[in-house]
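In: sequence and predicted structure below; questions after.
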Amino acid sequence: MATEKLFLRGRSVGSAEPLLPRRDPKIVAARTIGATARAIERTRRRGAAEPEGPPTPAWRRLAEEAKACRRCPLHMSRTHVVFYRGGPAPSVVFVGEAPGREEDLSGRPFVGRAGKRLDEALGRLGLADGSYGIVNLVKCRPPENRFDRAAALACRSILDRQLELLAPERLVTLGAHALRLLDPDAPPIVQAAGTPRRLGARPLFPLLHPAAALHAPRYRARWEADVGRLAEWLRERPGETL
Ligand code: URA
């Protein structure tokens, strides 16, 4: 190992081996570049994490398109685009309205208080993880959680392609807006909820929005009863349903 000259008050007083080995600047630079490249690669991989849902290029492209969407003013205030929660090949897809605060922060639908109510229902329905999916009409949080029909229309093509790629056997709409947008001929939600319908060839079950059951005591019993009917409907084979 090379020795280093020792100085005391500016005067040379001999030489000794350095306490720490000298670092070759070229090796230091190469290590720094290597560490930086690895960090960039880690970040790139995290950023390109597969979205929940089908592990297909078409689904990934659609999720990327939604993430970059600026078709309506809601993109300006969003934290995250709320795209999908659920399995890669769900047999039933729940369609909600629009993300709230918790969903905007997490990027996943129905993770706030209404989501807890929905999760309880999913537990009662005995739906295994992966056998259902959850989407919203609107992918970005509307200010003050007011439903924004123009945003729902702007998001419509993304929703249609989600349903096409997920290809569930059945749909469950949550609340008046989801039912009206998907099935404009349906009666008002209070009449329609709990009674199976068809959307073209696909069986559809309208439910009240879980937030209604949360905030309006008069809808609590109705929500529970309709979830019970939904459980029966899910037990029927698709060909046997309405
Ligand atoms: N309400 C909805 O309709 N969707 C959500 O994701 C959360 C609350």
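Out: Arrived safely, thanks for sending. Numbers count the residues shown, from 1 in each chain.
In: those strands in the chain, which residues are they?
Out: Defined through DSSP state E, the strands belonging to the chain, from first to last, are 4-8, 11-16, 85-86, 92-96, 132-136, 170-174, 197-199, 202-207.
In: got JSON lines for the ones you listed, with distance to the ligand too?
Out: For the C-beta atoms, the positions are set from N, CA and C on the backbone; glycine is no exception. What follows is the strands of the chain, written out as JSON lines (distance: least, C-beta to the nearest ligand atom, whole Å):
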{"stretch": "strand 4-8", "distance to the ligand": "65"}
{"stretch": "strand 11-16", "distance to the ligand": "69"}
{"stretch": "strand 85-86", "distance to the ligand": "8"}
{"stretch": "strand 92-96", "distance to the ligand": "3"}
{"stretch": "strand 132-136", "distance to the ligand": "5"}
{"stretch": "strand 170-174", "distance to the ligand": "6"}
{"stretch": "strand 197-199", "distance to the ligand": "18"}
{"stretch": "strand 202-207", "distance to the ligand": "11"}
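In: would you turn those into JSON lines with mean pLDDT?
Out: JSON lines is the format used below for the strands of the chain (pLDDT from 0 to 100):
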{"stretch": "strand 4-8", "mean pLDDT": "64"}
{"stretch": "strand 11-16", "mean pLDDT": "67"}
{"stretch": "strand 85-86", "mean pLDDT": "98"}
{"stretch": "strand 92-96", "mean pLDDT": "98"}
{"stretch": "strand 132-136", "mean pLDDT": "98"}
{"stretch": "strand 170-174", "mean pLDDT": "98"}
{"stretch": "strand 197-199", "mean pLDDT": "96"}
{"stretch": "strand 202-207", "mean pLDDT": "98"}
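In: redo those as JSON lines? Include distance to residue 162.
Out: Listed next are the strands of the chain as JSON lines, based on distance: least, C-beta to C-beta, whole Å:
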{"stretch": "strand 4-8", "distance to residue 162": "67"}
{"stretch": "strand 11-16", "distance to residue 162": "71"}
{"stretch": "strand 85-86", "distance to residue 162": "11"}
{"stretch": "strand 92-96", "distance to residue 162": "8"}
{"stretch": "strand 132-136", "distance to residue 162": "5"}
{"stretch": "strand 170-174", "distance to residue 162": "11"}
{"stretch": "strand 197-199", "distance to residue 162": "14"}
{"stretch": "strand 202-207", "distance to residue 162": "14"}
